[in-house]
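Undergrad: Here is a sequence with its predicted model. Questions after.
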Amino acid sequence: MSEVGSALTALAGAAGAWFTVLFTNMGTAKRQQVQLAYEHRSASENLLRERGEELYEQASHWVGLIQSLHMNTFRFMYGKLTHAEATELSAKTATNLDAKFSYSRMKMLVDIYYPMIKYTLENAHRVRDELSKNETKFLATADDDLKLRKSIADAHDVLMRKFDAASTEFKAAIAGAIREQLSLRLSVKEADRSAPSAHNA
């Protein structure tokens with residue numbers, strides 16, 4: 001009986017050791033899963049934040065370009081610049097921003113990362129198109145039709161103010177989306193800290 005007892009004791013000890021190793025490995029695997037999930041979430045959040053900051057910078061360049069171009073046009077409409085002078089200034093402005101700005105890049109960032117604010121870009125773009133049409137209309141009028149040219153110039157002033165408002169809304173929407181993501185990230189971190197650890201699960 002003593003030999004049987006010794007065998008059973010040894011078997012129980014071996015089983016206990018096996019279960020200890022098993023549960024230790026399970027705990028380690030769970031902790032690794034939690035860590036990988038956290039790292040993946042952090043990487044995704046960092047990417048969104050970086051793309052948001054890039055989008056804001058691109059938007060600032062675009063807004064500055066449109067404002068500068070149409071201010072030159074506005075000054076031409078009111079006789080402060082000749083058409084040639086306005087065209088030259090606009091060309092210089094566009095050239096200076098070529099290395100910093102890409103409209104297709106800005107639109108891609110909105111479409112892929114921030115589709116919820118797409119309508120604000122569309123609103124600003126719509127007003128920009130109205131500005132361009134108004135400029136074309138002015139250039140098509142006769143030089144001596146002063147009354148019509150002044151009415152078009154006045155309309156351009158109104159449209160420029162509308163673009164300022166629409167572009168401000170666009171940039172504010174970008175900033176708001178970034179802040180919302182940062183706030184969500186802080187909330188998730190707080191939840192992670194308050195949740196039971198994998199070691200104790």
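TA: Ah, there it is.
Undergrad: measure residue 49 to residue 119 for me?
TA: 22 Å (C-beta to C-beta, to the nearest Å). C-beta here means a position set from N, CA and C on the backbone, and glycine is covered the same way.
Undergrad: Identify the residues contacting stretch 146-157?
TA: The list of residues contacting stretch 146-157 from outside it, by C-beta atoms under 8 Å, 6 or more residues apart in numbering, reads 70, 73-74, 77-78, 131, 134-135, 137-138, 141, 143.
Undergrad: Let's verify residue 137: helix, strand, or coil?
TA: With DSSP: H, G, I helix; E, B strand; the rest coil as the basis, residue 137 sits in helix.
Undergrad: Tell me the spacing between it and residue 124.
TA: 20 Å.
Undergrad: Compare these two (neighbour count), which wins?
TA: residue 124 (24 against 14; other C-beta atoms under 10 Å).
Undergrad: By mean pLDDT, flag the weakest helix or strand of the chain.
TA: Of all helical and strand segments in the chain, the minimum by mean pLDDT, DSSP states H and E falls on helix 2-77, at a mean of 74.
Undergrad: Tell me the helix or strand right after it.
TA: Sequence-wise, the next helix or strand downstream of helix 2-77 (DSSP states H and E) is helix 83-97.
Undergrad: That following helix - what's its average pLDDT?
TA: Mean per-residue pLDDT for helix 83-97: 86.
Undergrad: now swap in stretch 155-163 and tell me
TA: When pLDDT is averaged over stretch 155-163, the result is 96.
Undergrad: Check whether residue 60 really touches residue 174, as I assumed.
TA: No - applying C-beta atoms under 8 Å as the test, residue 60 and residue 174 come out as separate, 9.5 Å apart.
Undergrad: about what we covered before: can you turn the buried part of the contacts of stretch 146-157 into a ChimeraX selection?
TA: In ChimeraX, this line selects whichever of the contacts of stretch 146-157 come out buried by 16 or more other C-beta atoms under 10 Å:
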select :70,73,74,77,131,134,135,138
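Undergrad: Now distance to residue 170 too, for the contacts of stretch 146-157, in JSON lines please.
TA: As requested, the contacts of stretch 146-157 are exported to JSON lines (distance: C-beta to C-beta, whole Å):
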{"residue": "70", "distance to residue 170": "16"}
{"residue": "73", "distance to residue 170": "21"}
{"residue": "74", "distance to residue 170": "21"}
{"residue": "77", "distance to residue 170": "25"}
{"residue": "78", "distance to residue 170": "27"}
{"residue": "131", "distance to residue 170": "15"}
{"residue": "134", "distance to residue 170": "20"}
{"residue": "135", "distance to residue 170": "21"}
{"residue": "137", "distance to residue 170": "25"}
{"residue": "138", "distance to residue 170": "26"}
{"residue": "141", "distance to residue 170": "31"}
{"residue": "143", "distance to residue 170": "36"}
